[in-house]
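Asks: model this:
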Amino acid sequence: MTTVLITGANRGIGLEFVRQYAIAGASILACCRNPSAAKDLNALAEEFDTIQIHALDVASDASVHALRENLGATPIDILINNAGVMGGKHQGLHDISFDAWSDCFNTNTFGPFRMIAAFANNVAASEEKKVATISSYMGSIGRKGKGAYIYRSAKAAANMITTLAATELADKGVIAVPMHPGWVQTDMGGSGADITPQESTSGLRKVIAGLTPESSGRFWNYDGAELEW
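Replies: Alright, predicted model coming up:
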(Lines give C-alpha, C1' and ligand atoms only; values in the text may rest on other atoms or scores of the structure.)
Protein backbone atom coordinates (compact mmCIF):
# COMPACT_ATOMS: atom_id res chain seq x y z
CA MET A 1 0.00 0.00 0.00
CA THR A 2 1.27 3.48 -0.90
CA THR A 3 1.98 5.67 2.13
CA VAL A 4 1.55 9.42 1.72
CA LEU A 5 2.53 12.08 4.26
CA ILE A 6 0.73 15.40 3.74
CA THR A 7 1.42 18.61 5.65
CA GLY A 8 -1.25 21.28 5.99
CA ALA A 9 -3.82 18.52 5.61
CA ASN A 10 -6.72 20.22 7.38
CA ARG A 11 -8.00 22.44 4.57
CA GLY A 12 -7.74 23.46 0.93
CA ILE A 13 -5.43 21.46 -1.31
CA GLY A 14 -4.05 19.50 1.63
CA LEU A 15 -7.48 18.26 2.65
CA GLU A 16 -8.29 17.39 -0.95
CA PHE A 17 -5.04 15.41 -1.21
CA VAL A 18 -6.17 13.42 1.82
CA ARG A 19 -9.60 12.79 0.32
CA GLN A 20 -8.36 11.74 -3.10
CA TYR A 21 -5.54 9.53 -1.86
CA ALA A 22 -7.92 7.88 0.64
CA ILE A 23 -10.36 7.07 -2.15
CA ALA A 24 -7.44 5.64 -4.13
CA GLY A 25 -6.65 3.28 -1.24
CA ALA A 26 -3.46 4.87 0.08
CA SER A 27 -2.34 4.92 3.70
CA ILE A 28 -2.24 8.57 4.72
CA LEU A 29 -0.31 10.42 7.41
CA ALA A 30 -2.36 13.61 7.56
CA CYS A 31 -0.56 16.36 9.44
CA CYS A 32 -1.79 19.72 10.72
CA ARG A 33 -1.09 22.09 13.60
CA ASN A 34 -4.30 21.54 15.57
CA PRO A 35 -5.95 18.18 14.86
CA SER A 36 -8.72 18.70 17.41
CA ALA A 37 -9.96 21.73 15.45
CA ALA A 38 -9.68 20.04 12.03
CA LYS A 39 -13.37 19.19 11.66
CA ASP A 40 -13.34 18.22 7.98
CA LEU A 41 -10.16 16.17 8.32
CA ASN A 42 -11.52 14.29 11.31
CA ALA A 43 -14.69 13.56 9.35
CA LEU A 44 -12.59 12.00 6.58
CA ALA A 45 -10.68 9.95 9.13
CA GLU A 46 -13.96 8.56 10.43
CA GLU A 47 -14.90 7.56 6.88
CA PHE A 48 -11.52 6.01 5.95
CA ASP A 49 -9.57 3.91 8.44
CA THR A 50 -6.42 4.38 6.34
CA ILE A 51 -6.06 7.99 7.55
CA GLN A 52 -3.89 8.73 10.57
CA ILE A 53 -3.95 12.31 11.86
CA HIS A 54 -0.80 13.73 13.43
CA ALA A 55 -0.10 17.08 15.08
CA LEU A 56 2.60 18.96 13.19
CA ASP A 57 3.80 22.54 12.91
CA VAL A 58 6.36 22.66 10.10
CA ALA A 59 7.61 26.00 11.49
CA SER A 60 8.80 24.23 14.66
CA ASP A 61 11.98 22.15 14.88
CA ALA A 62 10.62 20.40 17.96
CA SER A 63 7.32 19.51 16.27
CA VAL A 64 9.01 18.02 13.21
CA HIS A 65 11.42 16.09 15.45
CA ALA A 66 8.52 14.73 17.50
CA LEU A 67 6.77 13.47 14.38
CA ARG A 68 9.97 11.84 13.14
CA GLU A 69 10.36 10.06 16.48
CA ASN A 70 6.72 8.99 16.37
CA LEU A 71 6.89 7.56 12.86
CA GLY A 72 10.28 5.91 13.31
CA ALA A 73 11.43 4.03 10.22
CA THR A 74 8.00 4.01 8.53
CA PRO A 75 8.57 4.08 4.76
CA ILE A 76 6.95 7.12 3.11
CA ASP A 77 6.29 6.71 -0.60
CA ILE A 78 5.19 10.31 -1.20
CA LEU A 79 6.04 13.27 1.02
CA ILE A 80 3.88 16.27 0.12
CA ASN A 81 5.08 19.57 1.57
CA ASN A 82 1.80 21.44 1.31
CA ALA A 83 1.63 23.64 4.43
CA GLY A 84 2.08 27.30 3.58
CA VAL A 85 1.13 30.89 4.35
CA MET A 86 0.72 34.03 2.23
CA GLY A 87 2.78 36.37 4.40
CA GLY A 88 0.25 39.06 5.23
CA LYS A 89 -0.82 42.31 3.59
CA HIS A 90 2.37 44.36 3.92
CA GLN A 91 4.52 43.02 1.09
CA GLY A 92 5.44 46.11 -0.93
CA LEU A 93 8.80 47.74 -1.57
CA HIS A 94 7.92 50.64 0.71
CA ASP A 95 5.50 48.77 2.97
CA ILE A 96 6.99 45.55 4.26
CA SER A 97 6.68 43.64 7.52
CA PHE A 98 9.99 41.97 8.31
CA ASP A 99 8.39 39.95 11.09
CA ALA A 100 5.83 38.56 8.63
CA TRP A 101 8.64 37.92 6.14
CA SER A 102 10.54 35.90 8.72
CA ASP A 103 7.41 33.95 9.66
CA CYS A 104 6.65 33.23 6.00
CA PHE A 105 10.15 31.91 5.36
CA ASN A 106 9.92 29.77 8.47
CA THR A 107 6.80 28.05 7.15
CA ASN A 108 7.16 28.15 3.35
CA THR A 109 10.91 27.51 3.05
CA PHE A 110 12.31 26.22 6.34
CA GLY A 111 9.21 24.01 6.70
CA PRO A 112 9.81 21.95 3.54
CA PHE A 113 13.53 21.85 4.37
CA ARG A 114 12.81 20.51 7.86
CA MET A 115 10.50 17.85 6.44
CA ILE A 116 12.86 16.72 3.69
CA ALA A 117 15.82 16.57 6.08
CA ALA A 118 13.82 14.72 8.73
CA PHE A 119 12.18 12.16 6.46
CA ALA A 120 14.69 11.67 3.63
CA ASN A 121 15.55 8.19 4.88
CA ASN A 122 11.87 7.26 5.24
CA VAL A 123 11.26 8.31 1.65
CA ALA A 124 14.38 6.50 0.43
CA ALA A 125 13.16 3.31 2.17
CA SER A 126 9.88 3.31 0.23
CA GLU A 127 9.00 2.01 -3.21
CA GLU A 128 8.03 5.31 -4.87
CA LYS A 129 10.63 7.60 -3.21
CA LYS A 130 8.94 10.92 -4.09
CA VAL A 131 8.93 14.39 -2.55
CA ALA A 132 6.58 17.09 -3.85
CA THR A 133 6.81 20.63 -2.51
CA ILE A 134 3.70 22.66 -3.29
CA SER A 135 5.21 25.94 -4.40
CA SER A 136 3.90 28.66 -6.70
CA TYR A 137 4.68 30.06 -10.12
CA MET A 138 4.91 33.38 -8.26
CA GLY A 139 8.27 32.08 -7.05
CA SER A 140 9.63 31.76 -10.58
CA ILE A 141 12.50 34.19 -11.09
CA GLY A 142 11.98 33.92 -14.83
CA ARG A 143 8.38 35.13 -14.55
CA LYS A 144 7.88 38.87 -14.62
CA GLY A 145 5.95 40.33 -11.71
CA LYS A 146 5.91 42.90 -8.97
CA GLY A 147 4.97 43.15 -5.33
CA ALA A 148 4.30 40.24 -2.98
CA TYR A 149 7.97 40.31 -1.99
CA ILE A 150 7.43 38.07 1.01
CA TYR A 151 5.48 35.29 -0.66
CA ARG A 152 7.44 35.30 -3.91
CA SER A 153 10.85 35.17 -2.25
CA ALA A 154 9.84 32.40 0.16
CA LYS A 155 8.50 30.26 -2.69
CA ALA A 156 11.57 30.92 -4.84
CA ALA A 157 13.70 29.71 -1.93
CA ALA A 158 11.45 26.66 -1.49
CA ASN A 159 12.03 25.82 -5.14
CA MET A 160 15.78 26.03 -4.61
CA ILE A 161 15.93 23.85 -1.50
CA THR A 162 13.78 21.20 -3.19
CA THR A 163 16.06 21.20 -6.23
CA LEU A 164 19.18 20.99 -4.08
CA ALA A 165 17.64 18.05 -2.21
CA ALA A 166 16.84 16.38 -5.53
CA THR A 167 20.52 16.48 -6.43
CA GLU A 168 21.75 15.40 -3.01
CA LEU A 169 19.28 12.50 -2.67
CA ALA A 170 19.53 11.24 -6.25
CA ASP A 171 21.95 8.47 -5.29
CA LYS A 172 19.25 7.13 -2.94
CA GLY A 173 16.73 7.07 -5.77
CA VAL A 174 14.67 9.93 -4.32
CA ILE A 175 12.76 12.16 -6.76
CA ALA A 176 12.09 15.68 -5.46
CA VAL A 177 10.17 18.41 -7.30
CA PRO A 178 8.53 21.78 -6.62
CA MET A 179 5.01 22.06 -8.07
CA HIS A 180 2.62 24.88 -8.95
CA PRO A 181 -0.97 23.98 -8.03
CA GLY A 182 -2.54 26.69 -10.19
CA TRP A 183 -4.61 29.55 -8.86
CA VAL A 184 -6.96 27.56 -6.64
CA GLN A 185 -10.28 28.44 -5.01
CA THR A 186 -9.14 28.07 -1.40
CA ASP A 187 -8.96 30.37 1.63
CA MET A 188 -5.56 31.45 0.33
CA GLY A 189 -6.44 31.73 -3.37
CA GLY A 190 -9.88 33.26 -2.92
CA SER A 191 -13.24 32.46 -4.49
CA GLY A 192 -12.32 34.19 -7.77
CA ALA A 193 -9.45 31.83 -8.54
CA ASP A 194 -9.28 29.80 -11.75
CA ILE A 195 -9.73 26.20 -10.61
CA THR A 196 -11.21 24.16 -7.79
CA PRO A 197 -9.17 22.22 -5.22
CA GLN A 198 -10.49 19.04 -6.82
CA GLU A 199 -9.14 20.01 -10.26
CA SER A 200 -5.80 21.14 -8.89
CA THR A 201 -5.25 18.12 -6.69
CA SER A 202 -6.30 15.65 -9.38
CA GLY A 203 -3.76 17.19 -11.73
CA LEU A 204 -1.02 17.27 -9.11
CA ARG A 205 -1.60 13.61 -8.25
CA LYS A 206 -1.35 12.66 -11.91
CA VAL A 207 1.95 14.49 -12.24
CA ILE A 208 3.30 12.93 -9.04
CA ALA A 209 2.31 9.46 -10.25
CA GLY A 210 4.25 10.00 -13.47
CA LEU A 211 7.45 11.36 -11.94
CA THR A 212 10.69 9.66 -12.99
CA PRO A 213 14.33 10.28 -12.05
CA GLU A 214 14.52 12.51 -15.13
CA SER A 215 11.72 14.66 -13.67
CA SER A 216 13.59 15.31 -10.45
CA GLY A 217 14.68 18.85 -9.63
CA ARG A 218 12.44 20.40 -12.27
CA PHE A 219 9.47 22.73 -11.72
CA TRP A 220 6.08 21.26 -12.69
CA ASN A 221 2.63 22.73 -13.19
CA TYR A 222 -0.46 20.87 -12.01
CA ASP A 223 -1.35 20.15 -15.66
CA GLY A 224 1.97 18.45 -16.36
CA ALA A 225 3.67 21.37 -18.10
CA GLU A 226 7.23 22.21 -17.08
CA LEU A 227 7.66 25.74 -15.73
CA GLU A 228 10.59 28.12 -15.97
CA TRP A 229 12.59 28.93 -12.89
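
Asks: gap between the residue lying farthest from the centre of the chain and Asp103?
Replies: Computed with C-alpha atoms, centre = their mean, the residue of the chain farthest from its C-alpha average is His94, at 30.3 Å. Using C-beta to C-beta, to the nearest Å, we find His94 at a distance of 20 Å from Asp103. (Glycine included, C-beta is placed from N, CA and C.)

Asks: Show me where the protein has its strands.
Replies: 3-6, 27-32, 51-55, 78-81, 91-92, 95-96, 130-134, 175-180, 220-221 (DSSP state E).

Asks: Make a markdown table out of those and add distance to Pro112, mean pLDDT and mean neighbour count.
Replies: Output for the strands of the chain, formatted as a markdown table (distance: least, C-beta to C-beta, whole Å; pLDDT from 0 to 100; neighbours: other C-beta atoms under 10 Å):
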| stretch | distance to Pro112 | mean pLDDT | mean neighbour count |
| --- | --- | --- | --- |
| strand 3-6 | 12 | 99 | 27 |
| strand 27-32 | 13 | 98 | 26 |
| strand 51-55 | 17 | 98 | 18 |
| strand 78-81 | 4 | 99 | 28 |
| strand 91-92 | 20 | 96 | 16 |
| strand 95-96 | 23 | 96 | 12 |
| strand 130-134 | 5 | 98 | 27 |
| strand 175-180 | 9 | 98 | 26 |
| strand 220-221 | 15 | 97 | 19 |
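
Asks: Dump these into TSV; add distance to Lys39 as well.
Replies: Shown next, in TSV, are the strands of the chain (distance: least, C-beta to C-beta, whole Å):
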stretch	distance to Lys39
strand 3-6	17
strand 27-32	11
strand 51-55	12
strand 78-81	21
strand 91-92	30
strand 95-96	35
strand 130-134	22
strand 175-180	27
strand 220-221	31
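
Asks: Could you work out the end-to-end span of stretch 24-39 for me?
Replies: 22 Å (C-alpha to C-alpha, to the nearest Å).

Asks: Show me the contact partners of it.
Replies: 1-11, 14, 18, 21-22, 41-42, 44-45, 48, 50-57, 67, 71, 74, 76, 83, 205 (C-beta atoms under 8 Å, 6 or more residues apart in numbering).

Asks: Show me the residues you listed that map onto helices.
Replies: Of the positions in the contacts of stretch 24-39, 14, 18, 21-22, 41-42, 44-45, 67, 71, 205 sit in helices, assigned by DSSP state H.

Asks: now the angle from the longest helix anywhere in the chain to strand 130-134?
Replies: Ranked by residue count, the top helix of the chain under DSSP H comes out as helix 149-168. Counting by axes from the mean of the first three to the mean of the last three C-alpha atoms, to 10 degrees, helix 149-168 lies at 170 degrees to strand 130-134.

Asks: And the residue nearest to Gly84 when sequence neighbours are not counted, how far from Phe98?
Replies: Leaving aside its sequence neighbours, Gly84 sits nearest to Asn108 (C-beta to C-beta, 6 or more residues apart in numbering; 5.0 Å). Taking C-beta to C-beta as the measure, Asn108 falls 15 Å from Phe98.

Asks: Between these two, tell me which one has more neighbours.
Replies: Asn108 (30 against 9; other C-beta atoms under 10 Å).

Asks: Correct me if wrong: that one contacts Ala154.
Replies: Yes: counting by C-beta atoms under 8 Å, Asn108 does reach Ala154; the two are 3.9 Å apart.
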